[in-house]
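S.K.: Sharing a sequence plus its predicted fold:
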Amino acid sequence: MLFVVGLGLGDEKDITLKGLEAVRRCDKVYMEAYTSLLSFGLSSDGLSTLEKLYGKPITVADREMVEEKADVFLSEARESDVAFLVVGDPFGATTHTDLVVRAKKAGIDVRVVHNASVMNAVGACGLQLYRYGETISIPFFTETWRPYSFYEKIKKNRDLGLHTLCLLDIRVKEPSLESLCRGKKQYEPPRFMSINTAIEQLLEVEEKSGESGTSTPPDDFVLKQKE
Ligand SMILES: C[S@@+](CC[C@H](N)C(=O)[O-])C[C@H]1O[C@@H](n2cnc3c(N)ncnc32)[C@H](O)[C@@H]1O
C-alpha cells in the first residue's frame, strides 16, 4: 500500500492523526523535498524532529528520485506499506497527482491523507478563496529563458475581477546547463525566489510588453486602504 500523506504547512505537529497512524504502520518512509519547503527547514535537525515523532528513519526523495526513480518506491509499495510525505496537501502539486495515477495504473493500493495547502492557506491574507482565478507559477528568469505567460494569466484574472495566487519558484538540486552539456550532472546551489525578485520580473514583463496589468492598483484599492 502507498500512503501519500500531507504534512500541512507548519511544523512536525501539523500532521493529522490519520497521517501519523499511517506513517507509523509503514515499513519505509520517504519525504518529498523539492516542490515545497518545510517551514522548519530540511536540515538534519528538521528531519530528526520528524523522525523522533514518527519513530522511524526518513529517506529524502529529491526531484531525480521522484521523477526518474519512482519505480523503486512504487515496487516497494507493492510488497509492503510505504509512506510518501508531502509538505502541504498531496494534491497541491501536479507531481504527486502523477505519482498517484502511476501507482493506481500499476495496481498498487493508494491511500491519500489530506492536509492544509498553500492553495487554501492563502486565505490568511484576507482575500476570499472563492474569488481566486487560475494559480500561476513564476519561474526564475535566466539569460536565455524569460517566459511571460504567467503575466498573461494574472492579467486575465484581473480582467475577470479575480485574485491570483502566485507560486514563487523553488529550485533545489537542479543540474546546471553546462554540466548537462558535458554529460555529467552537477547541481546548482538551491534558490528560493523572494517576493522582490517576483515583482522585478513582473515589472520587466510590463515594461517590455507595455502592459499595466499588475502594477496599477484595482479601482477599489484606495478605498480599502482608507477604511
Ligand atoms: C505546488 S505548490 C504547493 C505544494 C504543497 N504540496 C501544498 O499543497 O502546499 C509548490 C509551491 O508552493 C510554494 N511553497 C511551497 N512551500 C512553501 C513555503 N514553505 N513557503 C512559501 N511558499 C511555499 C512555492 O511557490 C512552491 O513553488
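M.R.: Nice, I can see it.
S.K.: In this protein, where is pLDDT below threshold?
M.R.: Counting by pLDDT under 70, the chain shows low-confidence ranges at 39-47, 212-227.
S.K.: can you rerun that using 80?
M.R.: 33-48, 67, 173-178, 185, 210-227 (pLDDT under 80).
S.K.: Would you mind giving the domain segments of it?
M.R.: Domain assignment for the chain by the TED database gives 2-117, 127-212.
S.K.: Can you tell me which of those is most buried?
M.R.: Stretch with highest mean neighbour count among these: domain 2-117 (a mean of 17; mean count of other Cβ atoms under 10 Å). In this view, the C-beta of every residue, glycine as well, is placed from N, C-alpha and C.
S.K.: Near the ligand, which residues of this structure? Just list them.
M.R.: 35-37, 39, 86-89, 92-93, 117-119, 167-168, 170 (Cβ under 6 Å from any ligand atom).
S.K.: how far away is residue 28 from residue 79?
M.R.: Residue 28 sits 10 Å away from residue 79, going by Cβ to Cβ, to the nearest Å.
S.K.: At which residues are the helices of this structure located?
M.R.: Under the criterion DSSP state H, the chain contains helices at 17-25, 44-54, 63-68, 70-79, 94-105, 118-121, 149-159, 177-182, 195-209, 221-226.
S.K.: Which neighbouring elements make contact with the longest one?
M.R.: Looking back up the chat, that one is helix 195-209. strand 136-138, helix 149-159, strand 166-168 (3 or more Cβ pairs under 8 Å, 6 or more residues apart in numbering; DSSP states H and E).
S.K.: partners of the first one in the sheet?
M.R.: Partner strands for strand 136-138, per DSSP bridges, with pairing direction: strand 166-168 (parallel).
S.K.: Could you find the closest non-adjacent residue to residue 120?
M.R.: residue 129 (6.2 Å; Cβ to Cβ, 6 or more residues apart in numbering).
S.K.: Surely that neighbour is in contact with residue 123?
M.R.: Yes - taking contacts as Cβ atoms under 8 Å, residue 129 lies within contact range of residue 123: 4.9 Å.
S.K.: partner residues bridging residue 166?
M.R.: According to DSSP bridges, beta-bridge pairing links residue 166 with residue 136.
S.K.: Name all residues that make contact with it.
M.R.: 135-138, 150, 154, 198 (Cβ atoms under 8 Å, 6 or more residues apart in numbering).
S.K.: let's see it at 7 Å
M.R.: 136, 138, 198 (Cβ atoms under 7 Å, 6 or more residues apart in numbering).
S.K.: and what of residue 6?
M.R.: Contacts of residue 6 by Cβ under 7 Å, 6+ apart are 19, 86, 88-90, 113-115.
S.K.: Save those residues as CSV, and put in distance to residue 180 too.
M.R.: Output for these, formatted as CSV (distance: Cβ to Cβ, whole Å):
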residue, distance to residue 180
19, 37
86, 27
88, 29
89, 32
90, 30
113, 36
114, 37
115, 35
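S.K.: for those, which one is nearest the ligand?
M.R.: residue 88 (2.1 Å; Cβ to the nearest ligand atom).
S.K.: Which residues are in contact with the closest one?
M.R.: So residue 88 contacts 6, 8-9, 36, 115-118 (Cβ under 7 Å, 6+ apart).
S.K.: And for residue 86?
M.R.: 4-7, 32, 96.
S.K.: Repeat that for residue 108.
M.R.: Residue 108 touches 2, 74, 77-78, counting by Cβ under 7 Å, 6+ apart.
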